[in-house]
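got a predicted model here, sequence first, then my questions.
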Amino acid sequence: MHPVAPRLRLLAALPFLLALAVDLLLFALWRDRLPDRLATHFGGDGRADGFTATGGYLAVSSGLLLSLGLAWTLLVRRRALWGAWATAGFTGALLALLLRGNLDVTDPAAARLRLAVLTAALGIAALAAPAGLALTRLVPREPAPPAAAAGAPRLDLGAGELAGWTRATGSLPMTLLGCAFLLAALVVPLFAPWPYALIPLAIGVPGTALGRVRVSADRRGLTVRPALVARPRLRVPLDTIADARARHVDPLTEFGGWGYRVRPGASGVILRSSPALAVRRRDGREFVVTVDDPETAAGLLNALAARGDDTARG
């Protein structure tokens, strides 16, 4: 790990720890003015329609901030530090406004929290983002990773010889992030109308599925699927492969993030910054998957593709 990484991770965790401290401080200061059961879910008209005991609120709010903080701490990159601060600012402001909406009410059903508070929370996020961006200057730029081999030699295969290659690969941070979004899907209905839970659910399910995948290279071509189930799967048929090689991938610079990514002329399953198997299709498009030992997989695909071309010409 590069020596600047601990500093970057600390700066990513800091806003969530600050938001948690503010949430706990406000709760302690306002405890005598809060009802025993807090209104934590509001309809579109701002009327309370869901309630949580004070102990439950503390558990949920603390868990939410700590889960988001853990996810950002594990996945943060230097250029994305502002996003951690914006996320913490938005979440912390939303929790503070929720507590404020419960102040001095004897019946929690009388609490009001209109959707306009989202505008205020977004404003706090907009103020926090530049702070995170400014703190980026405290983190030295990461050195360029050493270049991987430009390609892989073609494996020697006999005329009738069959061969296959498979390797499971994964990303613990992506798995944890997917689980955090699944947890958020359970928590969101406590604070907002239940359809909003579909947003973290739509991120958490594929994120968890892509947290660990199995990559296979054989006579069918290149196949990528979740490690625990056979489908869904992505496949690049052998007869569409022009060549394959091993190269280094930077997720943010090349694909703008992690997971299943699509950009002009390329797509792929990007789980980490690491060596990857890059397959160029005959139409010029590229498919990339980060995996250990990509040289062997590339060499096998090149050999199988070449044998297919020889057979077609024969």
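Done, it's in. Residues are numbered from 1 along each chain as shown.

quick one: the helix or strand hosting residue 247 to chain centroid distance?
In the assignment (DSSP states H and E), residue 247 maps to strand 241-249. Put simply, strand 241-249 sits 25 Å off its chain's centre (C-alpha atoms, centre = their mean, to the nearest Å).

what helices or strands is it leaning on?
strand 221-226, strand 274-281, helix 294-313 (3 or more C-beta pairs under 8 Å, 6 or more residues apart in numbering; DSSP states H and E). Every residue, glycine included, has its C-beta placed from N, CA and C.

list the contacts for residue 165?
Applying C-beta atoms under 8 Å, 6 or more residues apart in numbering to residue 165 gives the contacts 216-218, 296-297, 300.

mind running it again at 7 Å?
Taking C-beta atoms under 7 Å, 6 or more residues apart in numbering as the contact definition, residue 165 lies against 216-217, 296-297, 300.

hey, what's it bridged with?
residue 217 (DSSP bridges).

quick one: pLDDT of it?
Model confidence at residue 165, given as pLDDT, is 91.

if we can go back for a sec, which of the helices and strands packed on strand 241-249 has the lowest average pLDDT?
Among those, helix 294-313 scores lowest, with a mean of 76.

all strands for the stretch 101-250 of the chain, in order.
165-170, 212-218, 221-226, 234-237, 241-249 (DSSP state E, counting those that start in this stretch).

now, which of the contacts of residue 165 sits nearest residue 130?
residue 297 (43.8 Å; C-beta to C-beta).

quick check: phi and psi on residue 286?
For residue 286, the backbone dihedrals (degrees, to the nearest 10) come out as phi -120, psi 140.

my read is that it contacts residue 278, right?
Yes: taking C-beta atoms under 7 Å as the definition, residue 286 is a contact partner of residue 278 at 5.9 Å.

of the two, who's got more company?
Higher neighbour count among residue 286 and residue 278: residue 278, with 22 against 17, using other C-beta atoms under 10 Å.

circling back: which of the contacts of residue 165 sit farthest apart?
216 and 296 (12.2 Å).

who does the nearest residue to residue 227 once chain neighbours are set aside form a beta bridge with?
In space, not counting the residues next to it along the chain, residue 227 is nearest to residue 212; the distance is 4.3 Å by C-beta to C-beta, 6 or more residues apart in numbering. For residue 212, the beta-bridge partners are residue 170 (DSSP bridges).

list the contacts of residue 212.
Neighbours of residue 212 in contact, by C-beta under 7 Å, 6+ apart: 168, 170, 175, 227.
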